[in-house]
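[1] would you be able to build a 3D model of this:
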Amino acid sequence: TRGTGKTTCAKILAKAVNCRHPVNGDPCNQCDACLGIDNGSLLDVLELDAASNNGVDHVRALRDEAIYSPANVRYRVYIVDEVHMLSTAAFNALLKILEEPPAHLIFILATTILSRCQRFAFKRSQPEDIAKRLLYVASQEGMTLTEDAAELLSRLSDGALRDALSLLDQCSGGKEINKEHVLDVLGLAGNLQTAQMMKYILSRETQA
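    Here you go, the predicted model:
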């Protein structure tokens with residue numbers, strides 16, 4: 001499912017295995033390794049989109065580079081998104097190092113063959129959890145978000161937190177973000193208006 005945090009979780013894992021000062025297994029988010037992964041300056045942690053880099057030449061270049069020990073951290077980590085999009089020749093070129101990686105190398109694959117992986121199935125977030133997160137983000141960003149607006153945005157996101165944050169961003173603009181403002185910005189009819197229209201239809205009030 002899109003927008004549920006697959007790539008984000010992969011980056012957190014890459015930080016966790018390379019963090020200089022982990023806290024109960026979690027990355028500290030303050031050391032040079034964590035900060036380097038966050039801003040993309042750490043070349044030992046690479047994110048690759050297999051949908052656009054799916055040729056055998058791309059994979060051979062990756063494989064040739066992967067055998068070298070990391071320069072600045074404990075593990076060299078490759079986050080490969082959409083790995084099922086690799087061509088057959090490219091996947092065969094990758095298979096050997098996937099099955100027998102050097103000790104310093106970790107692959108994180110968003111989608112792949114199940115028999116060779118630990119599998120984590122990402123599910124849609126619950127509306128109440130999304131609403132709670134939206135209220136937190138709004139408070140951190142100095143936005144005034146009402147609870148009913150957060151609940152509406154969480155329902156509209158259909159379980160994808162990333163979509164909920166995008167909707168919140170669309171509705172931001174300096175003033176209070178309430179339910180009416182969300183409906184207005186997104187061009188939606190509210191429950192009351194919809195219910196009223198259904199009432200008119202049932203009673204055959206065409207003009208109304």
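
[2] show me what contacts the residue nearest the centre of the chain?
    With distances taken as Cα atoms, centre = their mean, Gly5 lies nearest the centre of the chain, 3.1 Å away. Residues near Gly5 by Cβ atoms under 8 Å, 6 or more residues apart in numbering: Phe122, Leu161, Arg162. C-beta: built from backbone N, CA, C; applies to glycine.

[3] go again using 7 Å as the cut-off
    By Cβ atoms under 7 Å, 6 or more residues apart in numbering, the contact set of Gly5 is Phe122, Leu161.

[4] show me the shaky parts of this protein.
    Where the chain drops to pLDDT under 70, the residues are 1, 53-54, 112-116, 174, 190.

[5] where exactly do the helices run in it?
    Using DSSP state H, the helices of the chain run over 6-18, 32-39, 56-66, 88-99, 127-140, 147-156, 161-171, 179-186, 191-202.

[6] still on that earlier bit, ok, the residue nearest to the centre of the chain to Cys117 distance?
    18 Å (Cβ to Cβ, to the nearest Å).

[7] for Gly187, same thing?
    From Gly187 to Cys117 the distance is 42 Å (Cβ to Cβ).

[8] same check, this time on Leu48
    Leu48 is 17 Å from Cys117, by Cβ to Cβ.

[9] mind checking which of these two has more residues around it?
    Ranked by neighbour count (other Cβ atoms under 10 Å), Leu48 and Cys117 place Leu48 first, with 17 against 13.

[10] with that, I have no additional questions.
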